[in-house]
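1. Need a 3D model of the following:
(one chain, ligands or ions: 2)
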Amino acid sequence: MGKSDIVHLKPGRIEMSEKDRPKLFTIGPSQKDPDDCELIKNQTSFPPGMELLTNQVAGHMNNGKTLGMLREDGTVLKPITKPLNGQTEIDFYEELEKTREDTLLELKEFVPKYYGTKTITINNKEIKCIVLEDLTKNFKEPCIMDIKIGKRTWDPLASYEKIISEDKKYQDTKRELGICIPGFLIHKISNGRSCRYGKEFGKKLNTETIKEALKTFLNADSGLSRELLLQLLVDLWRILHWARRQRNIRLFSSSLLLIYDAKRLKQYISNNNVGLSKSSSYTPCTNTNRSVHLYKPLSLMKLNDDCPCTGFSGQFTKEGPILKSTPSTKLARFATTTTTNTNSDHPWQKHISKLRRVHSFQNNYDKDLQKMRKDYTHMLDDLVNEQRNEVWTSVKMIDFAHVFPAEHAEVDKNYLEGIENLIKILESFLSETVNT
Ligand SMILES: Nc1ncnc2c1ncn2[C@@H]1O[C@H](COP(=O)(O)OP(=O)(O)OP(=O)(O)O)[C@@H](O)[C@H]1O
Ligand SMILES: O=P(O)(O)O[C@@H]1[C@H](O)[C@H](O)[C@@H](OP(=O)(O)O)[C@H](OP(=O)(O)O)[C@H]1O
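-> Numbers count the residues shown, from 1 in each chain. Ligands and ions are numbered 1, 2, ... in the order given. Have a look, this model is predicted:
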C-alpha cells in the first residue's frame, strides 16, 4: 500500500430520500449525505489493532474508491459508504437484537453476531462501521464463497438505471437459478496454493459452469467430499426451512457466505485414505466417471427426480432434517437405524451422522468399520475432540443493506427460489462423492 491519501469521489446514487423509504424498522438519525462522502485511497495506517480483512471475497473492496472490510480482534468492521443502505443494515441488526417474533429470533442464528457500530478515524475522516463477528476467525485455511441470492437483486426503491444495471449482471445464473457468485477464495489442497475468483469470473458463469465453480470451491479435484457437502447442506437446509416459513421480510441482494477449512478437509481426506488427485487441473466429477471409491447416496437424487424442490422435506424434528418420504425400504431402514458415536451436544448430530453413513447400507458396513479401526489417527482425533472433528464449515446469511418488509405477509419467493436451487445443485453433487 502507498501513502495515506484521501480522494473526493463523485457522489453515490440515492434512489429516494430517506423519509420516503418504507420503514421496516425504526430508522435512526439520518447520516451525512453521500455527496460529502470522502473515501480512502491507499491509506497505510488503520487505527491500532485494525487491518484490512484480507480474505474478503466480494462486495465493496478497498480499491481507492471504497474502503473495504476491516478486521479487529475477532470482529469485522463494515464501513458505511452509502448512508441509506448502511442505516437499513444497522436497523436490521438492531431489530434482531430486540425482536420477540419467532422467525426473526430464529434468523439470529443464521447471521453473524452483531456488536453495534463504531466510528473510526482514518486520515482524519470519521467513518461509521457496522461491527460483526468475523465468520472466518476460527478457520486456519478458510475457503470462502459469497453467493448472492435472488433473481432480483434490486430493491423496491431502485432507480430505473439501477434495475437495468443489476439485471444485466450475472445474467445466466441469476435468471435461471436465482443465484450468482460475486467472488470466492480457495486454498487448493492439490497444490497448496490459494486462488481468488472475482466478480468478472462470476459474471461469465452459466447454469453449467456455475456447478464447476462450486466444485472448484469444494476442492473437488482432490475428491468431492460427502462430509463437506453434508455439513454445508445441513446449514443450508436450516436456512431453507426458515425461508419457507418467514413472512416478515424480503431480502434483496443479500448473500450466503459459505466457509470451510481446507486444512480440515485435507486432514479428513488423508484420514480416510483417499489419495489426492495427481493432476492439479480440475476434472469435473461426472456420473460416468466414477471410480471404485464412489458410491451413490441412497435416495436424495431419486427423490429429486420429479420434484421441483430439494430432497429436504422442509421439516425438522428436534433430531434433525427430514428428507422426503419414499416407499424405498432402504430409506426406511436408513431413517430408523440408530448410530452410535454421537457424543456431540448438537441436537442434530445423531441425524447428520445417519446421513454420513447412508452409503454403508448399500456398501459393506463391516468393511467400513475395519477401515476406521485401522485408521489410528482418525480414532485418536475422535477421542481427543469429537466436536472439533465434526464441524469445520459455516454457512451464514450476510449483507442486509436492502431488507424490506414482506409484501402482504407473503414468503420471499425471490430468496426462496435462489436458495432452493443452490441446495439442489449441492444435493446433486452427493451422487458423485467419494467415500469421505
Ligand atoms: N461477518 C463477516 N465475517 C467475515 N467476512 C465477512 C463478514 N461479512 C462480510 N464479509 C466479507 O465481506 C464481503 C462483503 O460483505 P457484504 O456483502 O456485507 O458487503 P457489501 O459491500 O455490502 O457487498 P455488496 O457490494 O454486494 O453490496 C463478503 O463477501 C465476505 O468476504
Ligand atoms: O457485483 P458488482 O458488479 O460489483 O455490483 C455491485 C453489487 O450489485 C452491489 O450489491 C452493489 O452495491 P449496493 O448493494 O450498495 O447497491 C453495487 O452497487 P454500486 O456500484 O452502486 O456500489 C454494484 O456495483
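
2. which residues does Ser254 bridge with?
-> Ile149 (DSSP bridges).

3. Show the pLDDT at the closest residue to Gly150 other than its chain neighbours.
-> Nearest non-adjacent residue to Gly150, counting by CB to CB, 6 or more residues apart in numbering: Asn414, 4.4 Å away. Where C-beta positions appear, they are placed from N, C-alpha and C, glycine not excepted. Asn414 carries a pLDDT value of 98.

4. Asn414 falls within a strand, correct?
-> No - counting by DSSP: H, G, I helix; E, B strand; the rest coil, Asn414 is not part of a strand but helix.

5. Correct me if wrong, but Ile259 is in a helix.
-> No - per three-state DSSP, Ile259 lies outside any helix segment and is strand.

6. Need the contact partners of stretch 92-110.
-> Identification of contacts with stretch 92-110 by CB atoms under 8 Å, 6 or more residues apart in numbering yields 24-25, 28, 111, 114, 130, 132, 235, 238-239, 242, 245-249, 395-397, 400, 403.

7. go with 10 Å
-> 24-26, 28, 111-117, 130-132, 235, 238-239, 241-243, 245-249, 251, 254, 256, 395-398, 400-403 (CB atoms under 10 Å, 6 or more residues apart in numbering).

8. Give me the contact status of it with ligand 1.
-> No - if you take CB under 6 Å from any ligand atom as the test, stretch 92-110 misses ligand 1, and the best it gets is 11.0 Å.

9. and stretch 175-187, is it in reach of ligand 2?
-> Yes - contact of stretch 175-187 with ligand 2 (CB under 6 Å from any ligand atom) involves Pro182.

10. same question, stretch 194-202
-> Yes - residues of stretch 194-202 contacting ligand 2 under CB under 6 Å from any ligand atom: Lys199.

11. So which residues on this structure come close to ligand 1?
-> Checking the chain against ligand 1 by CB under 6 Å from any ligand atom, the hits are 56-60, 69, 76, 78, 112, 132-136, 144, 146, 253, 255, 257, 398-399, 401.

12. Could you point out which residue ranges in the stretch 1-150 of the chain have low pLDDT?
-> Where the stretch 1-150 of the chain drops to pLDDT under 70, the residues are 1-44.

13. which among the contacts of stretch 92-110 end up buried?
-> For those, a neighbour count by 16 or more other CB atoms under 10 Å gives the buried set as 24-25, 111-112, 114, 117, 130-132, 235, 238-239, 241-243, 246, 248-249, 251, 254, 256, 395-398, 400-403.

14. Gly86: what's it in contact with?
-> So Gly86 contacts Gln31, Pro34, Lys78, Pro79, Ile80, Thr117, Lys128, Cys129, Ile130, Ala401 (CB under 10 Å, 6+ apart).

15. could those be laid out in TSV, adding secondary structure and distance to Ile425?
-> Output for the contacts of Gly86, formatted as TSV (DSSP: H, G, I helix; E, B strand; the rest coil; distance: CB to CB, whole Å):
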residue	secondary structure	distance to Ile425
Gln31	coil	39
Pro34	helix	37
Lys78	strand	28
Pro79	strand	33
Ile80	coil	34
Thr117	strand	36
Lys128	strand	38
Cys129	strand	34
Ile130	strand	31
Ala401	coil	26
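
16. among those residues, who's most crowded?
-> For the contacts of Gly86, counting by other CB atoms under 10 Å, the largest number of neighbours falls to Lys78: 26 neighbours.

17. hang on, that residue packs against Ile120?
-> No - if you go by CB atoms under 10 Å, Lys78 and Ile120 don't touch, sitting 11.5 Å apart.

18. Identify the contacts common to the two.
-> With contacts taken as CB under 10 Å, 6+ apart, Lys78 and Ile120 have Leu67, Leu70, Lys128, Cys129 as neighbours in common.

19. Including distance to Gly49, could those go into JSON lines?
-> Output for these, formatted as JSON lines (distance: CB to CB, whole Å):
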{"residue": "Leu67", "distance to Gly49": "17"}
{"residue": "Leu70", "distance to Gly49": "10"}
{"residue": "Lys128", "distance to Gly49": "18"}
{"residue": "Cys129", "distance to Gly49": "14"}
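
20. Give me the nearest residue to Leu132, chain neighbours excluded.
-> Pro112 (4.2 Å).

21. Please, which helix or strand holds that neighbour?
-> If you go by DSSP states H and E, Pro112 is not part of any helix or strand.

22. right, and it touches Val395 too?
-> No - checked against CB under 10 Å, the pair Pro112 and Val395 is beyond contact range at 11.7 Å.

23. what sits in contact with each of the two?
-> With CB under 10 Å, 6+ apart as the test, Pro112 and Val395 both reach Leu135, Leu257.

24. circling back: and of the contacts of Gly86, the nearest to Gly178?
-> Minimum distance to Gly178 across those is 18.7 Å, recorded for Ala401 (CB to CB).

25. how close does that closest one sit to Thr119?
-> Spatial separation of Ala401 from Thr119 under the definition CB to CB, to the nearest Å is 18 Å.
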